[in-house]
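Asks: no FASTA, just this:
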């Protein structure tokens, strides 16, 4: 039997070698963020090529249109690609097609679950360190579990942290723990933009935190020169956590405060410091709930929960989401501190505007068709035949057909005379001192002729198709239920659409976030006597007002390269305890006396760069925050 065994083993080995040689390209797909719950909204694809050089494309498909990732795989290459599937359920398909073969993997899709306590991701070496956020704490007064404390925790190694703001948008807070200083430059810039859009970045201190001395973060941290201090107890943390704090524990405290920072102290020692960044914030916890003795403290769950259940984060999401999904016919600024978007032109001015054209009501269409058939048959045949003039039907039938066709197409005449057109709306969020601004908005497109078009996108971080089902043209719906079908999206580190397919008289609508290099477009300098000098260094005209704390001043214009001295604490103020609308800028200024410009930026064209821009349908808001505040 031994010869047969040797023969079987040799045959098996030969088959294995042949199989390996036939499939030199391997693909593995996993969730980018590990944790107790599988999440397929951000997926990492790892590729390995042990054969000849190959090139091709990775295509990720789900419920929406596919997204392609071009790539090259030289011999011996090991590559990692972070992808962003858009379907929250069903099945995902990852297809790697190269000139050396193809590999396909399928797996079920699962969206990020909505937890009552929110969600957080820890970037660092301590995988599982935030697991305590899943625990239920006892409400001693009511004697029952506090369900709202429960939160979703996720983890990623510093080297694997994605370099796109899109990757972090579902998290209420991003915690930076031990080892986070090893993050790449792209991940650092992505997190800054995530915060500008309303996210919260939380640095963990403790005995040592090299990341606080990382020069890449210096411009946004609430302090500098962090020094360790030892505390035996803390009444402040005990009050926040609901139980006595074990000690002693180490705190990293800043020797110098940054402009606009806020602090929570235990005596003379700074426990926590915070600084606003755009719509979000940057927080440094001088202590670490991941290190002893605080990692055994019962109060840390409640203490950390307040960081991921912040009302500011929810308000920022609603503010941004309003510009990306709200019906553009509504005012973009609900609060009195806003500036109304440009008014639509008169009906005569809108004759060349395809977005103002509406199809006739369904009842009107059927009524016209019914009248047509009633007239054509009796008039052309019965009446003329009775008059013994049946030969005239050769004239009356075509005449009636042309007349009714003209009646039907009259309502859509604007579409046939309109050129390739676009209309974009949204808000640009700028933070003084940080070059990376973010735009959030929507664009509508009209294609008079069918074909393949390049949308000429630049800096687009995320993009989704807006599905509309109302059966009329113009805002609010164009019968488009395709989502991203036909967009043929390509992800090269940013989203592009070089081959969008459109039919004749087609409408498309997309919602997106876009990275903009604002390069200090607006500068603020607090002057004596309650005044602020505002300088417009952007290439665009600004029209709006200064918002400082709870005050919204009068409107003014600021041309490119010009400056203006604006008085503070004047104009409209808020009554004590006033409830603000979701789009009121003072949601982000009144709590800490921040200074911001709120208004319109004329001439800035985001999103697709093709076709004629319909100015009466376009409007870009700008919200620019100063570094300084009006509070010490």
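Replies: Now that the structure is in, tell me what you want to look at. Predicted model, so just to flag it, every value in this text is computed and none were measured.

Asks: could you report the neighbour count for residue 296?
Replies: Around residue 296 there are 8 other residues, counting by other CB atoms under 10 Å. For every residue, glycine as well, the C-beta is placed using N, CA and C.

Asks: what sits closest to it if chain neighbours are left out?
Replies: In space, and not counting its chain neighbours, residue 296 is closest to residue 246: 6.7 Å by CB to CB, 6 or more residues apart in numbering.

Asks: wait, the one you found sits on residue 295?
Replies: No - the pair residue 246 and residue 295 fails to qualify as a contact (CB atoms under 8 Å) at a distance of 9.8 Å.

Asks: where do the helices sit along the stretch 401-550 of the chain?
Replies: 413-417 (DSSP state H, counting those that start in this stretch).

Asks: the stretch 151-300 of the chain too?
Replies: 185-196, 235-241, 300-308.

Asks: same list (the ones you listed) but as a markdown table, adding mean neighbour count.
Replies: Output for these, formatted as a markdown table (neighbours: other CB atoms under 10 Å):
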| stretch | mean neighbour count |
| --- | --- |
| helix 185-196 | 22 |
| helix 235-241 | 18 |
| helix 300-308 | 21 |
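
Asks: which one, of those helices, ends up nearest to residue 31?
Replies: helix 185-196 (17.1 Å; CB to CB).

Asks: give me the pLDDT value at residue 402.
Replies: With respect to pLDDT, residue 402 scores 71.

Asks: equivalent analysis for residue 111, please.
Replies: Reported pLDDT for residue 111: 67.

Asks: can you pull the contacts of the residue nearest the centre of the chain?
Replies: Geometric centre of the chain, nearest residue: residue 513, 4.9 Å, by CA atoms, centre = their mean. With contacts defined as CB atoms under 8 Å, 6 or more residues apart in numbering, the neighbours of residue 513 are 165, 166, 197, 324, 438, 439, 440, 460, 461, 462.

Asks: please redo it, this time with the cut-off set to 7 Å
Replies: 438, 439, 440, 461, 462 (CB atoms under 7 Å, 6 or more residues apart in numbering).

Asks: strands - which of those residues land there?
Replies: 438, 439, 440, 461, 462 (DSSP state E).

Asks: per the record, what domains does this structure have?
Replies: Residue ranges for each domain of the chain read 21-108, 119-309, 344-359+411-632, 360-410, as given by automatic domain parsing.

Asks: to residue 316, which of these lies closest?
Replies: domain 119-309 (2.6 Å).

Asks: just the terminal-to-terminal distance for the closest one.
Replies: Length of domain 119-309, first residue to last, CA to CA, to the nearest Å: 9 Å.

Asks: what distance do you get for the residue nearest to the centre of the chain to residue 198?
Replies: Separation of residue 513 from residue 198 (CB to CB, to the nearest Å): 11 Å.

Asks: for this protein, what helix or strand is lowest in average pLDDT?
Replies: When each helix and strand of the chain is scored by mean pLDDT, DSSP states H and E, strand 137-139 comes last, with a mean of 46.

Asks: circling back: which members of the contacts of residue 513 are the farthest-apart pair?
Replies: 439 and 462 (11.3 Å).
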